[in-house]
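Enquirer: Compute the structure for the input listed below.
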Amino acid sequence: MASIELKSVEKWYGEAQVIKGVDLDIEEGEFVIFVGPSGCGKSTLLRMIAGLEETSRGQIIIGGRDATAEPPARRGLAMVFQSYALYPHMSVRENMGFSLKAAGVPKEEMAAKVDEAARVLKLEALLDRRPKDLSGGQRQRVAIGRSIVRDPTAFLFDEPLSNLDAALRVEMRYEIAKLHQALKSTMIYVTHDQVEAMTLADRIVVLEAGRVSQVGSPRELYERPGNLFVAQFIGSPKMNVFPAATPGLRLPAPLPAEAEHFGIRPEHIAIGAAGSGEIDGTVDVMEYLGADTYVIVDCGEAGKLTVRAHGDTGLSPGQPCGLAFEPDQTHLFDAAGLALR
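Expert: Numbers count the residues shown, from 1 in each chain. Reported below is the predicted structural model:
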């Protein structure tokens, strides 16, 4: 288990800069997740930490040691990829122990490490099977087990669940959360899935165009986004944002002069009769999901706002309505997209 520190890290491909001066401290035992849109640099940054990509400028400190120029094998890290990359002709036991065998670890020690990893991952009954006899979730657990037996200083996960179906993703999120609780190891995890980030992370690093946009706990990023990008990236459905000077917006107090954008999350809006609340609109689309219903309301110049309501709302498309905002749950952003409160 080790801390990881990035100091002004940059990555250049010729004249193109893809990582733009990232500074980040990851504590021992912390579970940190990199999120961001496609092309933001999250996988590139993870591969730089692993040593699979050269660091153009800056330093990568692992466990207090400058590892910037070290090859991957000397960094003591274990990486789990999207692809399971299991040897099809080997059993689960042989796949999990392969790296130890290659390193010359004695058979008794190797068997003990594989058995312990199998116990943690609940693979004991599968040790004699081959990969073709396993489900996708079981294969991913084997790939993780192959990393565990090496007793790494930290685990690096590069979108490990992206190849699984929805049900298996839920199952594997639980498995990875339990694994972190059991091992208490430092983990860095890359995903584009907000649910994975919100449910697994101690802290989330939101990347935008090669830069860190904000770092914080899931609750901090959701409740106190530092800028417009994070406000609309974190949360599903995303935060409703519209111009602060929208005609017809009825607010109890005037907004600060520098307020350019007004934000409110779907669950902080109540639907009432037309003329009530802060703004009027017309029900456009209803998305019934069982316990929740997402109501998309056309509010004219404010655009289409999404409201999260409970169950059957009794509303119908074309119906006029008023939207009331929870006063302590509104967000304001200036012209540069920075949060005002």
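Enquirer: just the helices in this protein please.
Expert: When secondary structure is read from DSSP state H, the chain shows helices at 42-50, 92-102, 107-121, 136-148, 166-183, 194-200, 218-223, 228-233.
Enquirer: Mind putting those helices into CSV with mean pLDDT, mean neighbour count and distance to residue 339?
Expert: Quick note: C-beta positions are derived from backbone N, CA and C, even for glycine. Formatted as CSV, the helices of the chain follow (pLDDT from 0 to 100; neighbours: other CB atoms under 10 Å; distance: least, CB to CB, whole Å):
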stretch, mean pLDDT, mean neighbour count, distance to residue 339
helix 42-50, 96, 22, 23
helix 92-102, 89, 19, 46
helix 107-121, 89, 16, 41
helix 136-148, 86, 22, 37
helix 166-183, 85, 16, 29
helix 194-200, 91, 19, 19
helix 218-223, 96, 17, 11
helix 228-233, 96, 21, 7
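Enquirer: Tabulate the ones you listed (a markdown table), appending distance to residue 261.
Expert: Listed next are the helices of the chain as a markdown table, based on distance: least, CB to CB, whole Å:
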| stretch | distance to residue 261 |
| --- | --- |
| helix 42-50 | 26 |
| helix 92-102 | 51 |
| helix 107-121 | 46 |
| helix 136-148 | 40 |
| helix 166-183 | 33 |
| helix 194-200 | 21 |
| helix 218-223 | 17 |
| helix 228-233 | 6 |
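Enquirer: closest to residue 309 out of these?
Expert: helix 218-223 (19.4 Å; CB to CB).
Enquirer: who does that closest one touch, helix- and strand-wise?
Expert: Packing partners of helix 218-223 (3 or more CB pairs under 8 Å, 6 or more residues apart in numbering; DSSP states H and E): helix 194-200, strand 203-208.
Enquirer: of all those, which lies closest to residue 10?
Expert: Of all the helices and strands packed on helix 218-223, strand 203-208 sits nearest to residue 10, with 13.7 Å by CB to CB.
Enquirer: between that closest one and helix 42-50, how many degrees?
Expert: 120 degrees (axes from the mean of the first three to the mean of the last three CA atoms, to 10 degrees).
Enquirer: and strand 203-208, what's its mean pLDDT?
Expert: The average of the pLDDT scores along strand 203-208 is 97.
Enquirer: name the helices or strands packed onto that strand?
Expert: strand 31-35, strand 211-216, helix 218-223, helix 228-233.
Enquirer: In the sheet, which strands lie alongside that strand, parallel or antiparallel?
Expert: strand 31-35 (parallel), strand 211-216 (antiparallel) (DSSP bridges).
Enquirer: what comes into contact with that strand?
Expert: Applying CB atoms under 8 Å, 6 or more residues apart in numbering, the external contacts of strand 203-208 come out as 24, 30-37, 40-42, 45, 197-198, 212-218, 221, 229-230, 233-234.
Enquirer: cool, and stretch 55-65?
Expert: Outside stretch 55-65, the residues touching it (CB under 8 Å, 6+ apart) are 2-12, 19, 21-22, 48-49, 66-68, 75-77, 153-154.
Enquirer: Next: stretch 224-242.
Expert: The contact list for stretch 224-242 (CB under 8 Å, 6+ apart) reads 35-37, 194-195, 197-198, 204, 206, 208, 213-214, 216, 221-222, 261-266, 269, 294, 299, 301-303, 305-306, 308, 331, 333, 337-339.
Enquirer: Buried only: go through those for me.
Expert: With burial judged by 16 or more other CB atoms under 10 Å, the buried subset of these is 35-36, 194, 197-198, 204, 206, 208, 213-214, 216, 221-222, 261-266, 269, 299, 302, 305-306, 308, 331, 333, 337, 339.
Enquirer: measure the residue in the chain sticking out farthest from the centre to residue 295 for me?
Expert: In the chain, counting by CA atoms, centre = their mean, residue 275 sits farthest out from the average C-alpha position, at 39.5 Å. Residue 275 sits 18 Å away from residue 295, going by CB to CB, to the nearest Å.
Enquirer: Please list all residues in contact with the most centrally placed residue in the chain.
Expert: Residue closest to the average C-alpha location in the chain (CA atoms, centre = their mean): residue 197, at 2.9 Å. Each residue near residue 197 by CB under 8 Å, 6+ apart is listed here: 33, 35, 191, 204, 218, 234.
Enquirer: and the fourth one, bridged to which residues?
Expert: In this case it means residue 204. Using DSSP bridges, the bridge partners assigned to residue 204 are residue 33, residue 216.
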